[in-house]
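> quick one, what's the 3D model for this:
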Amino acid sequence: MSEHGHHPGSGQAWRDDWALRIAQLLRKHGHSSVTSFIEAHPRRSLVELASALGGEDVAAVQLEWAYLDEAKVTDTIEACARDLLVRAIHEHFPDGWQPDDDQRHQLAFSGWSAPLKTRGGATADTVAMWEALYDGAAPGWLPMDGADPLLVDIFRRYWRAT
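Coordinates of the predicted model:
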């Protein structure tokens, strides 16, 4: 039991100072930052990473916010946005891109784009980016990382840093 009367792992991600708890868990796992931890696990969803880091004591959205906050401070928000897009595609299209699945497209797009605008401060035209992705990705396409040529081209055309 912690000094606050909570059992570690008891599913209380929002209790106390969650950012401090995440920093402590990152150090325990050998990482100095959220970015380092996330980059060490390519293509895994933030839900999987939150679970691996702290079980029910870490929420995926907490990792996402910390990742975006670090990216703003280090001026790597575009790389972060690409990485988050790759993770969203892998999460919602694990067997590859499916152009005709509107529900999965809506979930993947909103899950990727909303935090970029609200937490990341991105001014990119994410709708145009998604449309370009929709038009340019072949069925079954699955990017390995943010350096995928299609993603690089789309970000070159539509990304605008704040």
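> domain assignment for the protein?
Using automatic domain parsing, the domain parsing of the chain gives 1-74, 75-162.
> pull the distance from the longest one to the chain's centre.
For domain 75-162, the gap between its own C-alpha mean and the chain's C-alpha mean amounts to 11 Å (C-alpha atoms, centre = their mean, to the nearest Å).
> one more: the shortest one?
In terms of C-alpha atoms, centre = their mean, the centre of domain 1-74 is found 13 Å from the chain centre.
> burial of residue 90, as a residue count?
Residue 90 has 18 neighbours, counted by other C-beta atoms under 10 Å. Any C-beta I mention is one placed from the backbone N, CA and C, and that applies to glycine too.
> who's in contact with it?
Taking C-beta atoms under 8 Å, 6 or more residues apart in numbering, we find residue 90 in contact with 43, 44, 45, 142.
> mind putting the domains of the chain into JSON lines with mean pLDDT?
What follows is these, written out as JSON lines (pLDDT from 0 to 100):
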{"stretch": "domain 1-74", "mean pLDDT": "85"}
{"stretch": "domain 75-162", "mean pLDDT": "92"}
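> strands along this protein, start to end?
Under the criterion DSSP state E, the chain carries no strands.
> most centrally placed residue in it?
Nearest to the mean C-alpha position of the chain, counting by C-alpha atoms, centre = their mean, stands residue 84 at 3.7 Å.
> residues touching the nearest residue to that residue once chain neighbours are set aside, list them.
The spatially closest residue to residue 84, leaving aside those adjacent along the chain, is residue 112, at 5.7 Å (C-beta to C-beta, 6 or more residues apart in numbering). Residue 112 is in contact with 84, 85, 88, 126, counting by C-beta under 8 Å, 6+ apart.
> dump these into JSON lines; add distance to residue 32 as well.
As requested, the contacts of residue 112 are arranged in JSON lines below (distance: C-beta to C-beta, whole Å):
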{"residue": "84", "distance to residue 32": "20"}
{"residue": "85", "distance to residue 32": "25"}
{"residue": "88", "distance to residue 32": "25"}
{"residue": "126", "distance to residue 32": "30"}
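> out of those, which are inside helices?
Judged by DSSP state H, the contacts of residue 112 include 84, 85, 88, 126 as members of helices.
> I figured the third one hits residue 114, correct?
Read that as residue 88. No. Residue 88 is not in contact with residue 114 according to C-beta atoms under 8 Å; the separation is 10.9 Å.
> can you mark which positions in stretch 129-149 are buried?
Within stretch 129-149, the residues that qualify as buried are 129, 130, 132, 133, 137, 141, 143, 146, 148, counting by 16 or more other C-beta atoms under 10 Å.
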